[in-house]
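1. task: produce atomic coordinates for the following.
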Amino acid sequence: LLDSPEIKEEVLRKDDQFLNLLKDVYVESRDPPVRVKDGGGEHLPSKQKEKRLTKLGHLEALDVKKVPKGKISLVEALTLLNNHKLQPQIWTAEKIAAEYSLELKDVNSLLEFFIPFTVLEFPKETKKAIPSQTQKKLT
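-> Numbers count the residues shown, from 1 in each chain. Okay, here's the model as predicted:
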């Protein structure tokens, strides 16, 4: 059917009446307003935050190597809490804030609300074992 000359001629023929009607058609398109979801910027590339090397000492293998300034790693948090608990006159909130690049108010909150556990080992009592009853032999 497509090979027929009449169909080819009809497809290729320009209809002036339809062309004039098309000139009067005006299409206006508007995009809907863009809605920004909360937290939607998480996937967008952001400028690099300044990072610092962590102060881990002998526990270096257990934690991350770099953290953003104003943040601490888990091992650092436990270390600074323990240092403050053992030597509060040396490891003051001001010194911790300066040492770990933290805000003083955050350090004060950390020291107020997080206290490391103390592990105590009690000496074993030296009680003699209770002698067991001699068992009767069944005959």
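
2. what is the longest helix seen in the chain packed up against?
-> Assignment by DSSP state H gives helix 74-86 as the longest helix of the chain. If contacts are counted by 3 or more C-beta pairs under 8 Å, 6 or more residues apart in numbering; DSSP states H and E, helix 74-86 sits against helix 93-100, helix 104-113. Using the backbone N, CA and C atoms, a C-beta is placed for each residue, glycine as well.

3. report the inter-axis angle for it versus helix 93-100.
-> Going by axes from the mean of the first three to the mean of the last three C-alpha atoms, to 10 degrees, helix 74-86 is angled at 150 degrees with respect to helix 93-100.

4. just the C-alphas of helix 74-86, formatted as CSV.
-> Extracted as CSV, the C-alpha positions of helix 74-86 are listed here (Å, rounded to 0.1, in the frame of the first residue of the first chain):
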residue,chain,number,x,y,z
LEU,A,74,35.0,8.0,68.4
VAL,A,75,38.4,7.0,69.7
GLU,A,76,39.3,10.7,70.2
ALA,A,77,36.1,11.3,72.1
LEU,A,78,36.8,8.4,74.4
THR,A,79,40.4,9.5,74.8
LEU,A,80,39.6,13.1,75.7
LEU,A,81,36.8,12.0,78.1
ASN,A,82,39.2,9.7,79.9
ASN,A,83,42.0,12.3,80.0
HIS,A,84,39.6,14.8,81.5
LYS,A,85,38.4,12.3,84.1
LEU,A,86,41.9,11.3,85.1
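
5. list the buried residues in it.
-> Buried positions in helix 74-86, judged by neighbour count with 16 or more other C-beta atoms under 10 Å: 75-77, 79-81, 83-84.

6. mind putting the residues you listed in TSV, pLDDT and distance to Pro68 included?
-> Formatted as TSV, those follow (pLDDT from 0 to 100; distance: C-beta to C-beta, whole Å):
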residue	pLDDT	distance to Pro68
Val75	82	16
Glu76	85	13
Ala77	88	14
Thr79	86	18
Leu80	88	17
Leu81	91	20
Asn83	89	22
His84	92	22
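
7. nearest to Pro32, of these?
-> Pro32 has its nearest neighbour among the buried residues of helix 74-86 in Ala77, at 45.9 Å by C-beta to C-beta.
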